[in-house]
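sequence-free structure coming up:
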């Protein structure tokens, strides 16, 4: 299936999700993450959920990371395609930007080369670990700046599609995708 078609289908599927489903499924995803071999690292990039887009609620993952005393890096959009990473501290101010994306206002910037694990928002993914985001390329750009061994973990309410047809050379596949029902390993 084509990326543009998947974006439409999954936008509609998300629109029909209840807040109870989102909460319950997000907790299941967070608990399933504990089974992954990713907990010996130090720096974790974690997106803050856009509630209006009914994304996976990452607050449960943040609690796990804080409980394990990990360095949490939050993204901030700086232009049409780039994200910068700020270290989450007790005094990090968070504010929604013009697209309702919660992000740090400022703070201690951490270069992408330091990131060990990236939790990635997505619309859909396929059985080979390719993903479809919102189409702006923020995570493609970020992942290209990270070390080649960075662990890429997608989070999804839905199961894998058979195949994304229109992959591009800059598309970087996931290492894992975690859903409420299972862990996909690629």
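Ah, there it is. Remember, predicted model here, so these are calculated numbers, not experimental data. Numbers count the residues shown, from 1 in each chain.

what packs against the longest strand along the chain?
Secondary structure of the chain per DSSP state E: the longest strand is strand 71-77. Counting contacts by 3 or more Cβ pairs under 8 Å, 6 or more residues apart in numbering; DSSP states H and E, strand 71-77 is packed against strand 43-45, helix 59-67, strand 83-87, strand 102-104, helix 138-145. Heads up, the C-betas are built off the backbone N, CA and C, glycines and all.

try 10 Å this time
strand 43-45, helix 59-67, strand 83-87, strand 94-96, strand 102-104, strand 108-110, strand 117-121, helix 138-145 (3 or more Cβ pairs under 10 Å, 6 or more residues apart in numbering; DSSP states H and E).

so how far is that strand off the chain centroid?
11 Å (Cα atoms, centre = their mean, to the nearest Å).

Next: stretch 24-41.
The answer for stretch 24-41 is 13 Å, by Cα atoms, centre = their mean.

is the nearest residue to residue 94 once chain neighbours are set aside in a bridge, and if so with what?
Of all residues not flanking residue 94 in the chain, residue 102 sits nearest, at 5.3 Å (Cβ to Cβ, 6 or more residues apart in numbering). Listed beta-bridge partners, residue 102: residue 96 (assigned using DSSP bridges).

Please read off the pLDDT at residue 102 from the model.
Per-residue confidence (pLDDT) for residue 102: 96.

Quick one: residues contacting it.
Counting by Cβ atoms under 10 Å, 6 or more residues apart in numbering, residue 102 makes contact with 47-51, 58, 74, 94-96.

Could you measure from it over to residue 169?
Separation of residue 102 from residue 169 (Cβ to Cβ, to the nearest Å): 32 Å.

cool, and residue 4?
From residue 4 to residue 169 the distance is 18 Å (Cβ to Cβ).

Tell me which of these two has more neighbours.
With neighbours defined as other Cβ atoms under 10 Å, residue 4 and residue 169 compare such that residue 4 has more, 11 against 4.

The closest residue to residue 97 other than its chain neighbours and residue 91: what is the separation?
If the residues on either side of it in the chain are set aside, residue 97 comes closest to residue 103, at 5.7 Å by Cβ to Cβ, 6+ apart. For residue 103, the distance to residue 91 (Cβ to Cβ) stands at 15 Å.

ok, these two, which is more surrounded?
Just comparing residue 103 and residue 91: by other Cβ under 10 Å the higher neighbour count belongs to residue 103, 20 against 6.

Wait, the more buried one touches residue 76, no?
Yes: assessed by Cβ atoms under 10 Å, residue 103 is found in contact with residue 76 at 4.4 Å.
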